[in-house]
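Asker: below are the sequence and a predicted model for it; my questions follow.
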Amino acid sequence: MTLSSTLTIPTTGAIPRHVAVIMDGNGRWARQRLLPRIAGHRRGSETVRKLVQQASGLGVEYLTLFAFSSENWRRPPEEVGMLMQLFITNLENEIQRMHAAQIRLRIIGDQGPLGTRLQTLIAESQQLTHANTGLTLTVAVNYGGRWDILQALNALLREHPEKQQEGIREIDLQPYLSMGDAPEPDLFIRTGGEQRISNFLLWQLAYTELYFTETLWPDFDRKSFLQAIESYQKRQRRFGRTGDQC
């Protein structure tokens with residue numbers, strides 16, 4: 001059964017195949033401890049490392065993390081600069097470990113403003129891990145959901161200008177999205193107490209189960225992750241059907 005001629009209902013299981021996360025609360029975690037904001041971001045990086053290990057161990061196939069949005073450039077320049085340096089440090093320190101664990105790394109977003117050094121590291125890291133067969137870890141950097149849809153539309157029309165007259169279908173646009181070759185997220189998690197998706201994966205989250213927690217990102221541990229999974233397991237995913245059809 002399909003929702004339309006172009007969209008197939010995905011299979012669901014006890015463990016979500018694809019988990020997407022907005023990692024919110026680093027700054028507040030640091031402020032509560034009278035520490036600079038960068039200390040919260042560093043602690044948050046440790047949480048990322050642990051989550052990747054936990055997700056892989058549970059059988060999650062895709063983990064997508066919102067690390068830096070296109071709106072985050074509005075933050076103080078000092079903080080933005082430290083975040084960019086932290087991205088570089090994390091890539092340099094972690095990529096060999098990820099490669100050994102068969103993790104495939106992908107970076108999505110507009111890389112133009114990121115600087116030559118970070119762009120080079122991203123390209124090298126993706127090339128190193130592209131054939132790995134374990135967890136696919138996608139990190140969204142300078143990413144926005146609206147940007148993603150617009151860049152996909154523009155790319156489609158550049159390659160197929162005839163679509164301006166024929167009309168565009170979902171199946172036409174899908175391959176041009178940043179995550180066009182990945183299954184849509186089954187579970188979305190946002191830490192830090194806010195209950196919005198903040199321009200993250202707007203197209204892909206259409207039928208995703210949403211989970212919000214007050215836990216600040218640096219405190220999001222294995223127990224927190226399992227609680228999110230347990231919440232997901234209690235949901236009945238209908239994809240437009242009635243309950244007796246599921």
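Answerer: Looks like it arrived, so ask away.

Asker: what strands flank the helix or strand hosting residue 138, and is each parallel or antiparallel?
Answerer: Element membership of residue 138 [criterion: DSSP states H and E] is strand 136-143. Neighbouring strands of strand 136-143 in its sheet, by DSSP bridges, are strand 62-69 (parallel), strand 104-108 (parallel).

Asker: what about that strand, distance to the chain center?
Answerer: Its chain's C-alpha centre and that of strand 136-143 lie 5 Å apart, by C-alpha atoms, centre = their mean, to the nearest Å.

Asker: beyond it, next helix or strand please.
Answerer: Following strand 136-143 in sequence, per DSSP H and E, is helix 145-159.

Asker: and that next one, what does it pack onto?
Answerer: Where contact means 3 or more C-beta pairs under 8 Å, 6 or more residues apart in numbering; DSSP states H and E, helix 145-159 is packed against helix 163-166, helix 170-173. Any C-beta I mention is one placed from the backbone N, CA and C, and that applies to glycine too.

Asker: and the most far-flung residue of the chain relative to its centre, how close does it get to residue 50?
Answerer: Within the chain, the residue lying farthest from the chain centre (C-alpha atoms, centre = their mean) is residue 165, at 33.7 Å. The gap separating residue 165 from residue 50 is 51 Å, by C-beta to C-beta, to the nearest Å.

Asker: now tell me what touches stretch 166-178 from outside.
Answerer: Stretch 166-178 is contacted from outside by 4, 6-7, 108-109, 140, 143, 148-149, 151-153, 155-156, 160, 163, 180-181, 203-204, using C-beta atoms under 8 Å, 6 or more residues apart in numbering.

Asker: and stretch 227-234, by the same measure?
Answerer: By C-beta under 8 Å, 6+ apart, the list of residues contacting stretch 227-234 from outside reads 14-16, 58, 186-187, 189, 209, 211, 213.

Asker: tell me the one of those nearest residue 81?
Answerer: Distance to residue 81 across the contacts of stretch 227-234 (C-beta to C-beta) is lowest for residue 189, with 28.0 Å.

Asker: let me see the contact set for residue 102.
Answerer: For residue 102, the contacting residues are 132-135, by C-beta under 8 Å, 6+ apart.

Asker: sec struct for it, please.
Answerer: Assigned by DSSP: H, G, I helix; E, B strand; the rest coil, the conformation of residue 102 is coil.

Asker: any idea how many residues pack against the residue lying closest to residue 219 once chain neighbours are set aside?
Answerer: Distances taken as C-beta to C-beta, 6 or more residues apart in numbering place residue 29 nearest to residue 219, at 6.8 Å, with adjacent residues excluded. By other C-beta atoms under 10 Å, the residues close to residue 29 number 23.

Asker: what of the one 4 residues further on?
Answerer: The local packing count at residue 33 equals 11, with neighbours defined by other C-beta under 10 Å.

Asker: again, but for the one 3 residues further on
Answerer: Residues within reach of residue 36, counting by other C-beta under 10 Å, total 14.
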